[in-house]
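Student: Return a 3D structure for these sequence lines:
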Amino acid sequence: MGLDQEFEAPSWDEIYNMLLNLADKIRRDGFNPDIIVGVSRGGWPPARIMSDLLDNQELANVRVEFYVDIAKTMREPVITQSLSVSVEGKRVLVMDDVADTGMSLRLVKSHVEERGAREIKTATIYYKPWSVIKPEYYERETRKWVIFPWERKETVRKVLQRCRREGIPIEEARRKLVEGGLDPNLVERFINDVLNEGKPPHGGEDSQ
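Tutor: As a prediction, the model looks like this:
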């Protein structure tokens, strides 16, 4: 994603309200999952909150990472940590923060199917129209780069890495992040943290 794309940085309260709405949709649909599966890592926070809102303590995790195949230029998702519990004969809600490419969500759904789940439904906070899979439940459709509260520093790091690769001034990144809704003080702090990574701390032996 380039810096020509707009950012959206929902607050913790906004996320919680969206998850409240999602929980209502799931209940109205009559879907009562036996197990909630969070897609690592972005799906962990919403899965934990949904566990509370649906009064369901059965939580499981699946970890997905992206790799570039030697013969391809496209990044492909791979499950690096499979389900830790049995889902055979169970109703499963697969939870992630966003369906962007949708490739992770599709892969996890297939993984859960292969493990013998009786019924599977997917839920995300955000859905992007180009996703290869449309979740049964989602709260908001967007084309923006969503910066979730649990990945703010990580996002700043990715943006700065792109700036370095493409020769974009850091000031441009700072402006776009703040315009997207990130707190200016946090942006400044994280930019400084990332720029100083690997440097010896002030006051140490190396500074004398």
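Student: give me the element residue 124 is part of.
Tutor: strand 119-127 (DSSP states H and E).
Student: residues contacting residue 54?
Tutor: Residue 54 is in contact with 23, 26-27, 32-33, 36, counting by C-beta atoms under 8 Å, 6 or more residues apart in numbering. In this view, the C-beta of every residue, glycine as well, is placed from N, C-alpha and C.
Student: Which one of those is nearest to residue 96?
Tutor: Set against residue 96, the nearest of the contacts of residue 54 by C-beta to C-beta is residue 36 (11.4 Å).
Student: Partner strands of the host helix or strand of the closest one, with direction?
Tutor: Using DSSP H and E, residue 36 maps to strand 35-40. In the sheet, strand 35-40 lines up against strand 59-68 (parallel), strand 91-99 (parallel) (DSSP bridges).
Student: Give me the distance from that strand to the chain's centre.
Tutor: Averaging C-alpha positions (C-alpha atoms, centre = their mean, to the nearest Å) puts strand 35-40 12 Å from its chain's average.
Student: for stretch 50-66, same thing?
Tutor: For stretch 50-66, the distance to the chain centre is 13 Å (C-alpha atoms, centre = their mean).
Student: Show me this protein divided up by domain.
Tutor: 12-142, 150-197 (automatic domain parsing).
Student: Mean pLDDT and distance to residue 5 added to these, as CSV?
Tutor: As requested, the domains of the chain are exported to CSV (pLDDT from 0 to 100; distance: least, C-beta to C-beta, whole Å):
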stretch, mean pLDDT, distance to residue 5
domain 12-142, 93, 11
domain 150-197, 91, 9
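Student: Identify, out of these, the most deeply packed stretch.
Tutor: Highest mean neighbour count among those (mean count of other C-beta atoms under 10 Å): domain 12-142, with a mean of 17.
Student: got the contact list for residue 106?
Tutor: 132-133.
Student: Skipping its backbone neighbours, what lies nearest residue 107 in space?
Tutor: Leaving aside its chain neighbours, residue 107 sits nearest to residue 77 (4.9 Å; criterion: C-beta to C-beta, 6 or more residues apart in numbering).
Student: Nothing else from me, thank you.
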